[in-house]
Each structure stands twice: as structure tokens, then as C-alpha cells.
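Chemist: Okay, structure incoming, though there's no sequence with it:
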């Protein structure tokens, strides 16, 4: 989609926007099921990057307690608990700039992935920058999706991160897609961006070829000690509008209601589900911020009559639209 098309959608009256988004959602996900995902930080803090929203950066003085890469046995305890609680996707995040094949830590991650994949769960990882060889090794180990958020628009990105570029992010996404791994790619609301920045993000993501498998929509949880610690909260109606626009812009992707969900009422989350959100992070922690307890999530889904999605561990490569150019195309969007 183009920016002008997205702007016209965003400017629709609120109920007209919700109606259109819900129609797109029903057409692509007629069963209306919700995917339950659990996210575990397998290596926390000490990151060399300078992302202005992140308490894991070594450049900021925060209260976050750092820890080295978790042992495989500890990760498996969390993975089994997640499966037992109903999660079908287990996501693992590591606070690194990136990983390199042949190193001890990358081999450790591959071993962890193999074990988690043996539980018949979808396996998603976010490890920073990847080269083509590392992406291929992750796929062979059992990774079904790779999370690599673009956060915001190409224009606003340098105001948030200076230690790497938007092009670096797109290059990793290209490597992941070329390896046949599905991409999970979204953004963050509340990082001093404009409405145009939010829509530019969707413009970039909506033109991925193949399309992303999932689009997480995060709301900033201001972390003490980071440059964005004093940023105001995002208005709930703005979150719902963004969910609706994401659903329309990327109709076949799961739209994930992610960070910041602790601040949303049941009623706000209900409108997000109606607008097209069909995936949530589920459990006690979302990397370094709190997440609603599993019992609360289950109770809400029960009230709404929403069923949960079964795991898809087929490892099917994402489909490429052969009538369109492959993407991300760096020159086209930056």
C-alpha cells in the first residue's frame, strides 16, 4: 500500500475504520482464533546498541539486571511451562547486536532451538543482525519465524537509533526471507513519532514480498534511565486505529498486540481483537516489562468466546508474489 492510501484509511471515522478492518479480518481469518505466544529473554542487558527506548542498552543507566545466555536446561523449563499453559509459539530474545556463525554462543542458540522445536511448538527468535549463512542454520535448526522490528518510519529511525541503520534492519529481513523463514516485523508507538511515521512504517511492511507472517504492534513502556523515559502514554484509541490499519495493510499477517498491553483495559483489548489483532504475548514477562497474567488473558478470551490457534510447525517457506519485486528493497523505501 502507499502512504496516501494508508492516510485515507487512517482518516476514516472510527467506526467506519473498525468495520472495514473487521471485514478484512474475517475474510482472511474466518475462524477468528487467537495465537498465544510466550516470550523469554535468554540473554538480558549489556547490549552495545543505543535504541532510545531500550533498558537493555549498556549505554544507559537503568535498573535492569543483566544476565548472560541462559543454560539450555533453564530455557527448556520455561518452554515446557509455556506449552503447558497453552502457548503454541515460544519466542526467544537475546540482547545482542547480532550473531555470527561458528561462535560458541551461536552454537548454543542452535542447540536451544533444536530442543524447543522438539516440543512441537513454533519457534521464533530475535537475535539482532543475521547474515545469509546464519539465517539458513537457524531454519535448519527449527526456527519457524524471526522477529526483527523496524520500530518506526525510515525518516524517524535515526532519531531513535544511531548504532545501526534502517538499511541494516532490512538487510537482515531479506536474509531471513531468502532462507525460507517467516518474518515477524512491526513497530513501536509512543517513541516521539508522528502519525505519518506510523503510516510510513506500515507502508514499508505492507510492501514486503513475501508478506510478513506477523506484525507486532507495541506501545512504549517508558523505562527509567532511557532517553524516552518521560514520554507520555499512547492513547488507547490510537492503538486501536493502528491495529485496524495494520490489519488492512497486511491482511494475511497475524497482527500481534504486544508490549504495553498491561495498560489496556479489557474493553480496549476487545476492540483491538475486533479490529484485527489475533495474536498476543501470554505469560508473566515480555522481555523486560510486565505482561498480563495468563489467567486474566484466558478469562478475557473465554468471555469473548475466542478460541486459540493450534501450532503450525510445518516450516513452510513464505510465499513470494512473483508478479511483484522481491523485498525489502532498500532503495525503494529509504
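Modeler: Noted; the coordinates are in hand. Everything numeric here is computed off the predicted structure, so don't read it as measured data.

Chemist: Tell me which stretches of the stretch 51-200 of the chain form helices.
Modeler: 72-84, 104-117, 132-141, 157-160, 166-178, 195-206 (DSSP state H, counting those that start in this stretch).

Chemist: What are the buried residues along the shortest one?
Modeler: Taking 16 or more other C-beta atoms under 10 Å as the neighbour-count basis, helix 157-160 is seen to contain the buried residues 157, 160. All C-beta atoms are positioned from the backbone trio N, CA, C, and that covers glycine.

Chemist: Can you tell me what sits against it?
Modeler: For helix 157-160, contacts defined as C-beta atoms under 8 Å, 6 or more residues apart in numbering pick out 51-53, 150-152, 165-166, 191-192.

Chemist: at 6 Å instead, please
Modeler: For helix 157-160, contacts defined as C-beta atoms under 6 Å, 6 or more residues apart in numbering pick out 52, 166, 191.

Chemist: now it: mean pLDDT?
Modeler: Average pLDDT, helix 157-160: 96.

Chemist: follow-up on the earlier one: any idea which of the contacts of helix 157-160 has the most stuff around it?
Modeler: residue 191 (25 neighbours; other C-beta atoms under 10 Å).

Chemist: I'd like to know how far it sits from residue 159.
Modeler: Separation of residue 191 from residue 159 (C-beta to C-beta, to the nearest Å): 8 Å.

Chemist: And for residue 144?
Modeler: Taking C-beta to C-beta, one finds residue 144 at 33 Å from residue 159.

Chemist: Equivalent analysis for residue 298, please.
Modeler: In terms of C-beta to C-beta, residue 298 sits 39 Å off from residue 159.

Chemist: circling back to that earlier point, pick the most deeply packed of the helices of the stretch 51-200 of the chain.
Modeler: helix 195-206 (a mean of 23; mean count of other C-beta atoms under 10 Å).

Chemist: So, low pLDDT: which residues of the protein?
Modeler: Scanning the chain for pLDDT under 70 picks out 45, 64, 283-292, 315, 317, 327-334.

Chemist: Counting residues, which strand of it comes out longest?
Modeler: As assigned by DSSP state E, the longest strand anywhere in the chain is strand 35-43.

Chemist: Now do that strand and helix 104-117, the angle between them.
Modeler: Angle, strand 35-43 to helix 104-117, by axes from the mean of the first three to the mean of the last three C-alpha atoms, to 10 degrees: 150 degrees.

Chemist: For strand 35-43, which strands pair with it and how are they oriented?
Modeler: Take DSSP bridges as the rule and strand 35-43 pairs in its sheet with strand 89-94 (parallel), strand 277-281 (parallel).

Chemist: With residue 196 as the reference, name the closest of the ones you listed.
Modeler: strand 277-281 (22.6 Å; C-beta to C-beta).

Chemist: contacts for the closest one?
Modeler: In contact with strand 277-281 (C-beta under 6 Å, 6+ apart) are residues 29, 34-35, 37, 39, 243, 254-258, 291.

Chemist: do the same with stretch 34-44
Modeler: Residues from elsewhere that reach stretch 34-44, judged by C-beta under 6 Å, 6+ apart: 66-67, 69-70, 75, 78, 82, 86-95, 254, 278-279, 281-283, 286-287, 306, 308-309.

Chemist: Now which of the residues you listed would you call buried?
Modeler: 69-70, 75, 78, 82, 87-95, 254, 278-279, 281-283, 286-287, 308-309.
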